[in-house]
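Asks: Have a look at this prediction, sequence included:
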Amino acid sequence: MNYQKISFRRLTSPICAQSRSTDKKLCDYKLTELLISIRHYSMLRFAILTIYFAVSGGLLVKFFDSGFSQHYPELLWLFQVGGGTVTIAFFIYEIVLDDNLRRLWKSVAATVRKKDDVLLSHRQCWKNILVPVATYGIFIGTLVFWLGIA
């Protein structure tokens, strides 16, 4: 990937602008890399959820299949174990991904060092809490289903 094609002149840190030319390029490069990583992990969150829903949906369809449950009732516990294991695995992915995003945004704040910057001014605290609660709720609710109800 050619990073020179990406222009973040409007998003350049004031600290970067005051530095020497070489330091400014390094600071701009760090900021660009941080923003690319944030975009990557944000898109990865939705890819992970999509794959998780597909796998869980497949397990649920077979679990509630009346023909399967009548012919193989002794194998239904495998769906509980499989569903619980898949849910725990994807929940761990989500926790790690959320932690990475939080650390990346802290790195952006440290690089920019200005509270009224265009990168940080749109970030509202309640959204930083709401998204993890929603995604964690999906995994916890599904885990309760697989281990308790199913």
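Replies: Thanks, I have it.
Asks: Pull out the buried residues from stretch 71-90.
Replies: By 16 or more other Cβ atoms under 10 Å, the buried positions in stretch 71-90 come out as 79, 80, 82, 83, 84, 86, 87, 90. The C-beta positions use only the backbone N, C-alpha and C, and glycine is treated the same way.
Asks: Distance check, the nearest residue to residue 62 once chain neighbours are set aside against residue 78.
Replies: Using Cβ to Cβ, 6 or more residues apart in numbering and skipping the chain neighbours, the partner closest in space to residue 62 is residue 68 (5.9 Å). Between residue 68 and residue 78 the computed distance is 11 Å (Cβ to Cβ, to the nearest Å).
Asks: So which elements touch the strand or helix carrying residue 28?
Replies: Taking DSSP states H and E as the criterion, residue 28 maps to helix 21-63. If contacts are counted by 3 or more Cβ pairs under 8 Å, 6 or more residues apart in numbering; DSSP states H and E, helix 21-63 sits against helix 14-18, helix 76-112, helix 125-144.
Asks: For the ones you listed, which has the smallest mean pLDDT value?
Replies: Least confidently modelled of the helices and strands packed on helix 21-63 is helix 14-18, at a mean of 49 by mean pLDDT.
Asks: Save the helices and strands packed on helix 21-63 as TSV, and put in distance to residue 26 too.
Replies: Formatted as TSV, the helices and strands packed on helix 21-63 follow (distance: least, Cβ to Cβ, whole Å):
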stretch	distance to residue 26
helix 14-18	8
helix 76-112	11
helix 125-144	28
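Asks: List the contacts of residue 90.
Replies: Residues counted as contacts of residue 90 (Cβ atoms under 8 Å, 6 or more residues apart in numbering) are 48, 51, 52, 139.
Asks: any idea how far the residue nearest to the last one when sequence neighbours are not counted is from residue 106?
Replies: Looking back up the chat, that one is residue 139. Computed as Cβ to Cβ, 6+ apart, the closest residue to residue 139 that is not its neighbour in sequence is residue 91, at 3.9 Å. Distance, residue 91 to residue 106, by Cβ to Cβ: 23 Å.
Asks: Much appreciated, bye for now.
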